[in-house]
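Enquirer: Whatever this is, show me its structure:
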Amino acid sequence: MKAIIFPGQGSQKAGMASEFLSNFKIVKEIFQKADESLKFSLSKIILNGSDEELKKTEITQPAILTTSFAIFSVLKKEFNFDLSQIKYIAGHSLGEYSALVASGSLSLEDGVRLVHERGKLMQTAVPEGKGAMLAVIGLDVNELNTLIKKFDINKGICEVANDNSPGQIILSGTKEVLITFSNNLKSAKKRSMFLPVSAPFHCSLMKPAAESMKLLLQKTNFKNPNLQLISNVTATPVEKDGDIKDLLYKQIFSQVRWRETIEFMLKNDVNDFIEIGPGKVLSGLVKRTNDKVSTRSLTKIEDIKNLQ
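Expert: Numbers count the residues shown, from 1 in each chain. Predicted coordinates:
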């Protein structure tokens, strides 16, 4: 069986989706809808903006969602891809919103507006320079949590933000605390590196952003997804549409349980993962979890042709 997965922040690049925009009317319509919903030209930033502009999280988030949904729509409507082959759908962090739009649970217009606001709220939740994110290589989540418990954190926050794959975990929290923790890891001969991000996502420092986001989510109409959606928060399928708002609220300050999400799908007969959106990050994470399964990344028209 197959699964579709959607990437999160970090996979963006200037000019993404330009090939699809030049070749498919449906993509032009999707970009136009996104521009009209946001009341500014997101499409111009995606196609002609600088990488620096595209890195701003309130731009990154709707840009990746729009690009991912555009590629998905080409696959579905222009190449008549049979969605009955798809057992599960999931997205990494922001990618969960792409999955909700693709599965018919959330309209594109509401989706881009929500993630634009989500980006602004997440950016302003913590003063610039006060938070950070640290990638730790070569430890599993239990080993890392044991080290965190041993580490005397009395000046701030140090939490697992993303359990991405075996041996690749992202920590999030107070910058000073993470610097000290990184030095401790170095002393123990463990590798870590700081990520070039503007805020400490997916940790308890994001709770103020989540509270504001909760109000926006409550005003938004969600339907039951027409594909089985795996939640980042639970690493299991969403049971009913009424759960979606609460899960998206919690997702902002909770761990992204991506390794467990992939393991759940593997245990339930998925052996072919199709990554839709810019970049190939998720395909790499899947291979780190199980190198025997098939992964395909759809970033160009040729990729879709090769999928058939």
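Enquirer: Please make it C-alpha for all contacts and neighbour counts, starting now.
Expert: Fine.
Enquirer: tell me the helices in the stretch 1-150 of the chain, going along the chain?
Expert: 18-23, 25-38, 42-48, 51-54, 57-73, 95-102, 108-124, 141-150 (DSSP state H, counting those that start in this stretch).
Enquirer: So which bits of the fifth one are buried?
Expert: Which is helix 57-73. For helix 57-73, burial by neighbour count (16 or more other C-alpha atoms under 10 Å) applies to 57-73.
Enquirer: where does the chain dip in pLDDT?
Expert: The model of the chain has pLDDT under 70 over residues 152-154, 308.
Enquirer: what's the domain layout of it?
Expert: As recorded under automatic domain parsing, the domains making up the chain are 2-125+204-307, 131-194.
Enquirer: Highest mean neighbour count out of those domains?
Expert: Most buried of the domains of the chain, by mean neighbour count (mean count of other C-alpha atoms under 10 Å): domain 2-125+204-307, with a mean of 19.
Enquirer: Check the offset of that one from the chain's centre.
Expert: Mean C-alpha position of domain 2-125+204-307 versus that of the full chain (C-alpha atoms, centre = their mean, to the nearest Å) differs by 6 Å.
Enquirer: From start to finish, how long is that domain in a straight line?
Expert: The straight-line separation of the ends of domain 2-125+204-307 (C-alpha to C-alpha, to the nearest Å) is 12 Å.
Enquirer: Tell me where this protein has strands.
Expert: Here the chain has its strands, by DSSP state E, at 2-6, 86-91, 131-137, 158-165, 168-174, 191-194, 228-229, 272-276, 294-298.
Enquirer: Please tabulate those strands in JSON lines, including the columns distance to Lys214.
Expert: As requested, the strands of the chain are arranged in JSON lines below (distance: least, C-alpha to C-alpha, whole Å):
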{"stretch": "strand 2-6", "distance to Lys214": "23"}
{"stretch": "strand 86-91", "distance to Lys214": "20"}
{"stretch": "strand 131-137", "distance to Lys214": "22"}
{"stretch": "strand 158-165", "distance to Lys214": "20"}
{"stretch": "strand 168-174", "distance to Lys214": "21"}
{"stretch": "strand 191-194", "distance to Lys214": "29"}
{"stretch": "strand 228-229", "distance to Lys214": "20"}
{"stretch": "strand 272-276", "distance to Lys214": "27"}
{"stretch": "strand 294-298", "distance to Lys214": "32"}
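Enquirer: right, so of the ones you listed, which gets closest to Leu114?
Expert: Closest to Leu114 of these, according to C-alpha to C-alpha: strand 86-91, at 15.7 Å.
Enquirer: Give me the contacts around that closest one.
Expert: With C-alpha atoms under 8 Å, 6 or more residues apart in numbering as the test, strand 86-91 has contacts from 1-8, 96-99, 103, 227-232, 265, 270.
Enquirer: how about a cut-off of 6 Å?
Expert: Outside strand 86-91, the residues within contact range by C-alpha atoms under 6 Å, 6 or more residues apart in numbering are Lys2, Ala3, Ile4, Ile5, Phe6, Pro7, Ala99, Gln228, Leu229, Ile230.
Enquirer: Was I right to think Ala132 contacts Lys175?
Expert: Yes: under the criterion of C-alpha atoms under 6 Å, Ala132 lies in contact with Lys175, with a separation of 4.9 Å.
Enquirer: if we can go back for a sec, same list (the helices of the stretch 1-150 of the chain) but as JSON lines, adding distance to Gln255.
Expert: Shown next, in JSON lines, are the helices of the stretch 1-150 of the chain (distance: least, C-alpha to C-alpha, whole Å):
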{"stretch": "helix 18-23", "distance to Gln255": "33"}
{"stretch": "helix 25-38", "distance to Gln255": "29"}
{"stretch": "helix 42-48", "distance to Gln255": "29"}
{"stretch": "helix 51-54", "distance to Gln255": "25"}
{"stretch": "helix 57-73", "distance to Gln255": "18"}
{"stretch": "helix 95-102", "distance to Gln255": "13"}
{"stretch": "helix 108-124", "distance to Gln255": "15"}
{"stretch": "helix 141-150", "distance to Gln255": "11"}
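Enquirer: before we move on, the earlier item: quick one: closest of the strands of the chain to Lys207.
Expert: Of those, the one closest to Lys207 (C-alpha to C-alpha) turns out to be strand 168-174, at 12.1 Å.
Enquirer: Neighbouring strands - and their directions - for that closest one?
Expert: Sheet pairing for strand 168-174, assigned by DSSP bridges, gives strand 131-137 (antiparallel), strand 158-165 (antiparallel).
Enquirer: Any idea how far the longest one is from the middle of the chain?
Expert: It refers to strand 158-165. The chain centroid and the centroid of strand 158-165 are separated by 13 Å under C-alpha atoms, centre = their mean.
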